[in-house]
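In: Pasting the sequence and the predicted model now:
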Amino acid sequence: MRKLINSLREVRDEMLHKVSWPTWAELQESSIVVSIASIIIALVVLAMDLSFENILKLVYNLF
């Protein structure tokens, strides 16, 4: 039990004094970048899906 308490104290100390937390502005900027990247990736996947769908329809119509 003593080891657990010591570990928790060390974690608390590290989180308060050694971790570099981002500012609110940095968090907002990162969120915007992630949102834009997610939208771009979703559009690329959509384009690939539609392309493969049309290609497979052409192939199936040949047989």
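Out: Perfect, thanks for sending it.
In: Quick check: pLDDT value at F63.
Out: Listed pLDDT for F63 reads 85.
In: residue contacts, it?
Out: F63 sits next to no residue when contact means Cβ atoms under 8 Å, 6 or more residues apart in numbering. Just so you know, the C-beta spots here come from the backbone N, C-alpha and C atoms, and that holds for glycine as well.
In: From L56, how far off is it?
Out: According to Cβ to Cβ, to the nearest Å, F63 stands 11 Å off from L56.
In: and what of V44?
Out: V44 sits 19 Å away from L56, going by Cβ to Cβ.
In: The residue nearest the centre of the chain: which element?
Out: Closest to where the C-alpha atoms of the chain average out (Cα atoms, centre = their mean) is V34, at 6.9 Å. Mapping V34 onto the secondary structure by DSSP states H and E places it in helix 24-62.
In: again, but for W21
Out: Applying DSSP H and E, one finds W21 in no helix or strand.
In: Can you give me the neighbour number for it?
Out: Neighbour count for W21, taken as other Cβ atoms under 10 Å: 8.
In: With Q28 instead?
Out: Using other Cβ under 10 Å, Q28 is surrounded by 11 other residues.
In: next one: W24
Out: For W24, using other Cβ under 10 Å, the count is 7.
In: Which pLDDT value goes with the residue nearest to the centre of the chain?
Out: 98.
In: Residue numbering should commence at 31 henceforth.
Out: Sounds good: first residue 31 from here, last item V64.
In: Helix or strand, whichever it is, which one in this protein has the lowest mean pLDDT?
Out: helix 32-47 (a mean of 94; mean pLDDT, DSSP states H and E).
In: Format the CA atom coordinates belonging to that one as PDB.
Out: What follows is helix 32-47, C-alpha atoms only, in PDB (Å, rounded to 0.1, in the frame of the first residue of the first chain):
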ATOM      1  CA  ARG A  32       2.900   2.300   0.800                       C
ATOM      2  CA  LYS A  33       4.300   1.900  -2.700                       C
ATOM      3  CA  LEU A  34       1.000   2.800  -4.300                       C
ATOM      4  CA  ILE A  35       0.800   6.000  -2.200                       C
ATOM      5  CA  ASN A  36       4.300   6.900  -3.100                       C
ATOM      6  CA  SER A  37       3.600   6.300  -6.800                       C
ATOM      7  CA  LEU A  38       0.500   8.500  -6.700                       C
ATOM      8  CA  ARG A  39       2.500  11.300  -5.000                       C
ATOM      9  CA  GLU A  40       5.200  11.100  -7.700                       C
ATOM     10  CA  VAL A  41       2.600  11.200 -10.400                       C
ATOM     11  CA  ARG A  42       0.900  14.200  -8.900                       C
ATOM     12  CA  ASP A  43       4.300  16.000  -8.500                       C
ATOM     13  CA  GLU A  44       5.200  15.300 -12.100                       C
ATOM     14  CA  MET A  45       1.900  16.400 -13.500                       C
ATOM     15  CA  LEU A  46       2.000  19.700 -11.500                       C
ATOM     16  CA  HIS A  47       5.700  20.600 -11.900                       C
END
